[in-house]
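*Asks:* sequence below, structure please.
(chains A and B)
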2 protein chains.
Amino acid sequence: MSLLVTGSIAIDTVTSPHGHAEGVLGGSAVYFSFAASHHVPVRLVGVVGEDFPKEFHQKLSTRPIDLAGLEVRKGSRTFRWSGRFEGDMSQAETVNVHLNVLSERGPTVPSAFADSKTVFLANTHPTLQRDLLKQLDDPRLVVCDTMNLWIMTERDSLVETLGCVHGVIVNDAEARELTEKVNLIDAGEAILDFGPRFVAIKKGEHGSLLISRDGQAAVPAFPTKAVRDPTGAGDSFAGGFLGYAAKKGDGDFATLRHALLHGTVAASFAIEDFSLRRVEKLQRTEVEARAREFAEMLSFDVE
Amino acid sequence: MSLLVTGSIAIDTVTSPHGHAEGVLGGSAVYFSFAASHHVPVRLVGVVGEDFPKEFHQKLSTRPIDLAGLEVRKGSRTFRWSGRFEGDMSQAETVNVHLNVLSERGPTVPSAFADSKTVFLANTHPTLQRDLLKQLDDPRLVVCDTMNLWIMTERDSLVETLGCVHGVIVNDAEARELTEKVNLIDAGEAILDFGPRFVAIKKGEHGSLLISRDGQAAVPAFPTKAVRDPTGAGDSFAGGFLGYAAKKGDGDFATLRHALLHGTVAASFAIEDFSLRRVEKLQRTEVEARAREFAEMLSFDVE
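*Replies:* Residues are numbered from 1 along each chain as shown, chains lettered A, B, ... in the order given. Next up, the predicted model:
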């Protein structure tokens, strides 16, 4: 199924215990697209400013990512985020944010994309997420992300958006904040009460959970010491997850359960280096090999 | 292989958001024994006081647990622990501890147990762990646990003990404290440098990791909302883990990897109710059914 993503396209500056990267390509829709593009072609919808480097455009062009929905807005500047990871690197500390073009009107879906069947609404204002959705003819599998800011300041609008989607991908802190439940399975079930039929909860180094009307599943993170920059791990997870679901063409429980594995694999590559450095060189054969390795690690003979 | 465990046998008082249990059976060696006994008979070595209730003796007798090494010491009182779980229940807050008999001389291994091949040295003073070990003829698979107290106050003795064992089962906080490494795989590898050839790191609701000289593995926790009392989860994990390894008769990587799964299953039952209430009624068929269910949840077809 055709896969459309809308979200941020960013110029990032990131510091971790393993180094520093200045003015590099980032953004939720970018990480998502790279990850998903190993499963299906991706339609990217987003807005950047005139300052968006040609080189970043070229990086995006190396993958099967349709850039017809990438608007370069005259007189605007690209969204910029600067963050730092310390200690166990489980959470980014935001040093600086310039919303720039993200504070202006949202992106327009090209008419050629209106028939998209699988859609990921990466984190942005929940009203903008619904606006985007209205531009699509008949999406079959719509999944959204969100963040603590909207949970705290735009709860009603967010709840309305949750009523319009089939699935949600959030992290553990967001799931708990949204539902005020401590146990993550309780939290996941409470999210289902808002309307979606499944929720995937990302727990960083601790893996992920799937809570759906049809069952529950969990996978650990792919065990690795090679964590240099966790930026984009969550969006890469979403990209591997939905890219796989789009390829399978449905969102039944067996597909979603396998999607957890493919999301985990995508995230495991994204964190190996700063920005897209690992991911932009990634071959489909490497992705498939790691998926097999991970599946083998999780394969048990029980009499 | 014959399995011997030595550790605490306790009278516990526990409060969690789901209730309160006063003066109930507990202790590391007890939880371990119940869990391991679904795989192999267990030889229990420990000391209680004259106040140890007959009823607790009877509970232990319902399982294939050989009590020849259970000393009821005249004039002594049983170890008592009182704790509280709050919020996400990820850590017990100790309300009260009376070491009682645990502060006296350690237990003696009955001569009939000296031929034990698989041994679990549950958490106690690292010198006592080595003393116990010296009473065994030729153990083949020796695994120990420890706690933050010994890491902080008896580090040299603990390091000596780590040099005498084949494996270690600790929780994430202990692994980090012992090695001063933040990444748990780094921490696990640093523990191997002390001598053991494998370490299993327990992460509570986030599952567990195996780091060994022959490879790494990870499993999530068994997804459950039914968490009433986490007391004994870690020792039950160790019991399922080593019980399975003892049954298989070796400690190669494939066995240890599967042992992670059986440890997880054992822990998932222990937390479902206070004290041994769930575990004492547990049938082997239930244990096997959950192991199969868990293995199925982790089984992926990857092309």
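
*Asks:* tell me how far the residue nearest to A:Asp131 when sequence neighbours are not counted lies from chain B.
*Replies:* Residue nearest to A:Asp131 in three dimensions, not counting chain neighbours: A:Gly106, with 5.7 Å by C-beta to C-beta, 6 or more residues apart in numbering or on different chains. Bear in mind the C-beta positions are built from the backbone N, C-alpha and C, glycine included. According to C-beta to the nearest C-beta, to the nearest Å, A:Gly106 stands 37 Å off from chain B.

*Asks:* A:Gly106 - that's part of a strand, no?
*Replies:* No - assigned with DSSP: H, G, I helix; E, B strand; the rest coil, A:Gly106 falls outside any strand and is coil.

*Asks:* isn't it right up against A:Leu132?
*Replies:* Yes - between A:Gly106 and A:Leu132 there is a contact at 6.5 Å, judged by C-beta atoms under 8 Å.

*Asks:* between these two, point out the one with more neighbours.
*Replies:* Taking neighbours as other C-beta atoms under 10 Å in any protein chain shown, A:Gly106 and A:Leu132 compare with A:Leu132 leading, 22 against 19.

*Asks:* in contact with that one, which residues?
*Replies:* Going by C-beta atoms under 8 Å, 6 or more residues apart in numbering or on different chains, A:Leu132 touches A:Thr6, A:Val45, A:Gly106, A:Pro107, A:Val109, A:Leu121.

*Asks:* ok, the closest residue to the fifth one other than its chain neighbours - contacts?
*Replies:* Just to be clear, that refers to A:Val109. Leaving aside its sequence neighbours, A:Val109 sits nearest to A:Gln135 (C-beta to C-beta, 6+ apart; 3.9 Å). Contacts for A:Gln135 (C-beta under 8 Å, 6+ apart) come out as A:Thr108, A:Val109, A:Ala114.

*Asks:* can you tell me how far A:Gln135 is from B:Asn123?
*Replies:* As judged by C-beta to C-beta, to the nearest Å, A:Gln135 and B:Asn123 stand 60 Å apart.

*Asks:* buried set for the longest helix seen in chain A?
*Replies:* Counting by DSSP state H, the longest helix found in chain A is helix A:253-270. Buried residues in helix A:253-270, counting neighbours by 16 or more other C-beta atoms under 10 Å in any protein chain shown, are found at A:253, A:255-270.

*Asks:* and A:Ala246, what element?
*Replies:* Using DSSP states H and E, A:Ala246 maps to helix A:233-248.

*Asks:* by contact count, what packs against that helix?
*Replies:* If you count contacts as 3 or more C-beta pairs under 8 Å, 6 or more residues apart in numbering or on different chains; DSSP states H and E, helix A:233-248 packs onto strand A:3-6, helix A:28-36, strand A:118-121, strand A:141-144, strand A:167-171, strand A:198-202, helix A:253-270.

*Asks:* tell me the angle of that helix relative to helix A:253-270?
*Replies:* Calculated by axes from the mean of the first three to the mean of the last three C-alpha atoms, to 10 degrees, helix A:233-248 forms an angle of 140 degrees with helix A:253-270.

*Asks:* keeping just the C-alphas, turn helix A:233-248 into PDB.
*Replies:* What follows is helix A:233-248 as a C-alpha-only set of coordinates in PDB (Å, rounded to 0.1, in the frame of the first residue of the first chain):
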ATOM      1  CA  ALA A 233      15.300   6.400  17.000                       C
ATOM      2  CA  GLY A 234      11.500   6.700  17.700                       C
ATOM      3  CA  ASP A 235      10.700   8.000  14.200                       C
ATOM      4  CA  SER A 236      12.900   5.300  12.600                       C
ATOM      5  CA  PHE A 237      11.000   2.700  14.700                       C
ATOM      6  CA  ALA A 238       7.700   4.200  13.300                       C
ATOM      7  CA  GLY A 239       9.200   4.000   9.800                       C
ATOM      8  CA  GLY A 240      10.200   0.400  10.000                       C
ATOM      9  CA  PHE A 241       6.900  -0.400  11.700                       C
ATOM     10  CA  LEU A 242       4.600   1.200   9.200                       C
ATOM     11  CA  GLY A 243       6.800   0.600   6.200                       C
ATOM     12  CA  TYR A 244       6.500  -3.100   6.900                       C
ATOM     13  CA  ALA A 245       2.700  -2.800   7.500                       C
ATOM     14  CA  ALA A 246       2.300  -0.900   4.300                       C
ATOM     15  CA  LYS A 247       4.200  -3.600   2.400                       C
ATOM     16  CA  LYS A 248       2.000  -6.300   3.900                       C
END
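
*Asks:* how about the residues of the stretch 51-200 of chain A near chain B?
*Replies:* A:Gly87, A:Asp88, A:Met89, A:Val182, A:Asn183, A:Leu184, A:Ile185, A:Asp186, A:Glu189 (C-beta under 8 Å from any C-beta of the partner chain).

*Asks:* export those residues to CSV and tack on distance to A:Arg284 and pLDDT?
*Replies:* CSV is the format used below for those (distance: C-beta to C-beta, whole Å; pLDDT from 0 to 100):
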residue, distance to A:Arg284, pLDDT
A:Gly87, 34, 81
A:Asp88, 31, 79
A:Met89, 28, 83
A:Val182, 40, 88
A:Asn183, 38, 89
A:Leu184, 32, 93
A:Ile185, 34, 94
A:Asp186, 38, 94
A:Glu189, 36, 97
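
*Asks:* redo the residues you listed as CSV? Include secondary structure.
*Replies:* Listed next are these as CSV, based on three-state DSSP:
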residue, secondary structure
A:Gly87, coil
A:Asp88, coil
A:Met89, coil
A:Val182, coil
A:Asn183, coil
A:Leu184, helix
A:Ile185, helix
A:Asp186, helix
A:Glu189, helix
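
*Asks:* which of those count as buried?
*Replies:* For those, buried by 16+ other C-beta under 10 Å: A:Met89, A:Asn183, A:Leu184, A:Ile185, A:Asp186, A:Glu189.

*Asks:* can you tell me which of the residues you listed is closest to A:Val142?
*Replies:* A:Glu189 (20.1 Å; C-beta to C-beta).

*Asks:* check contacts around that closest one.
*Replies:* A:Ile211, B:Lys225.

*Asks:* what sits closest to the most centrally placed residue in chain A if chain neighbours are left out?
*Replies:* With distances taken as C-alpha atoms, centre = their mean, A:Asp235 lies nearest the centre of chain A, 2.4 Å away. With C-beta to C-beta, 6+ apart as the criterion, A:Asp235 has its nearest non-adjacent residue at 3.8 Å, and that residue is A:Tyr31.

*Asks:* wait, doesn't that neighbour sit right on A:Ala267?
*Replies:* No - the criterion here is C-beta under 8 Å, and A:Tyr31 misses it with A:Ala267 at 9.2 Å.

*Asks:* mutual contacts of the two, please.
*Replies:* Contact criterion C-beta under 8 Å, 6+ apart; residues bridging A:Tyr31 and A:Ala267 by contacting each: A:Ser236.

*Asks:* count of neighbours near A:Ala226?
*Replies:* 13.

*Asks:* from chain B, how far off is the residue nearest to it when sequence neighbours are not counted?
*Replies:* Among residues not flanking A:Ala226 along the chain, A:Glu272 sits closest, at 4.8 Å (C-beta to C-beta, 6+ apart). Look at A:Glu272 and chain B: by C-beta to the nearest C-beta, they are 13 Å apart.

*Asks:* assign A:Glu272 to helix, strand or coil.
*Replies:* coil.

*Asks:* check contacts around it.
*Replies:* Counted by C-beta under 8 Å, 6+ apart, A:Glu272 has contacts A:Thr224, A:Ala226, A:Val227, A:Arg228, A:Arg278.

*Asks:* can you flag the buried ones in those residues?
*Replies:* Buried residues within those, counting neighbours by 16+ other C-beta under 10 Å: A:Val227, A:Arg228, A:Arg278.

*Asks:* so which of those are also by chain B?
*Replies:* A:Val227.

*Asks:* mind picking the lowest-pLDDT entry from the buried ones among the contacts of A:Glu272?
*Replies:* Ranked by pLDDT, the buried ones among the contacts of A:Glu272 bottom out at A:Val227 (88).

*Asks:* alright, that wraps it up for me.
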